[in-house]
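Q: need a 3D model of the sequence below.
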Amino acid sequence: LQPDLFADYEKSIHIDTDSLILQSLQPLVDIDMGERVLAATRCNGDRSTCFSPLRPSDVGKFGPMTSLMIFNHAAWKKKNMLPRFVETMKRRDIEWKMIGQGVLHYIIGDDWLKLPWNTQAHAGHATYFTAPKKDIYTLHFMGTKPWQEFSDPGYITERKLQTRKLWATY
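A: The predicted structure is shown next:
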């Protein structure tokens, strides 16, 4: 996992490959995370969409969105995260619906810093058009990728066309 690969650094940033960096990420690196393992924006799906929750307290709670994450390496090591990930992945009593994000939501729980929603905009969603551009660090192209042909030309929505225009802009 990323924090173990970059253990010589204080922090590292993960950005999905379907994202564009719109400005310097230095302010995100400079965030005081305290003892939290990571900082991210809130996922738009609750934890129960990522795995079949064994802890009733997880139902309806939102975890970190994994397309932009800042890792605190000292907290990662101190909390023994890699062995926890390995042990969790070996469990047979959990039905994972989204492996990467599901495991992260399960292990991290509430031990993460919630960044403002507009830190990361999503193409075709209101965040890009309503948030001040100075507050947006990355633009994430989730869903149908605008650089690919539409798989079903009969299902071209306004949101997909809007996303394609944004891709052409950058």
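
Q: so where is the chain shaky, pLDDT-wise?
A: Where the chain drops to pLDDT under 70, the residues are 1-7, 144, 150.

Q: residue 37 contacts residue 112, correct?
A: Yes - counting by Cβ atoms under 8 Å, residue 37 touches residue 112, with 6.3 Å between them. Backbone N, C-alpha and C define where each C-beta goes, glycine included.

Q: the two: who's more crowded?
A: When residue 37 and residue 112 are compared for neighbours, residue 37 comes out ahead with 26 against 22, by other Cβ atoms under 10 Å.

Q: now stretch 59-76: how far from the chain's centre is it?
A: 7 Å (Cα atoms, centre = their mean, to the nearest Å).

Q: tell me which residues of that stretch come out buried.
A: Neighbour counts over stretch 59-76 (16 or more other Cβ atoms under 10 Å) mark 61, 63-73, 75-76 as buried.

Q: CA atoms of it as PDB?
A: Output in PDB follows, covering the C-alpha atoms of stretch 59-76 (Å, rounded to 0.1, in the frame of the first residue of the first chain):
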ATOM      1  CA  VAL A  59     -24.600   1.600   8.400                       C
ATOM      2  CA  GLY A  60     -25.400   5.100   7.000                       C
ATOM      3  CA  LYS A  61     -21.900   6.500   7.800                       C
ATOM      4  CA  PHE A  62     -19.800   7.900   5.000                       C
ATOM      5  CA  GLY A  63     -16.200   7.100   4.600                       C
ATOM      6  CA  PRO A  64     -13.300   8.700   2.700                       C
ATOM      7  CA  MET A  65     -13.500   9.200  -1.100                       C
ATOM      8  CA  THR A  66     -10.500   7.300  -2.400                       C
ATOM      9  CA  SER A  67      -9.800   9.400  -5.500                       C
ATOM     10  CA  LEU A  68      -7.900  12.000  -3.600                       C
ATOM     11  CA  MET A  69      -6.200  11.000  -0.300                       C
ATOM     12  CA  ILE A  70      -3.500  12.500   1.800                       C
ATOM     13  CA  PHE A  71      -1.700   9.900   3.900                       C
ATOM     14  CA  ASN A  72       0.000  10.700   7.200                       C
ATOM     15  CA  HIS A  73       2.900   8.200   7.300                       C
ATOM     16  CA  ALA A  74       3.700   8.500  11.000                       C
ATOM     17  CA  ALA A  75       0.100   7.700  12.000                       C
ATOM     18  CA  TRP A  76       0.000   4.900   9.400                       C
END
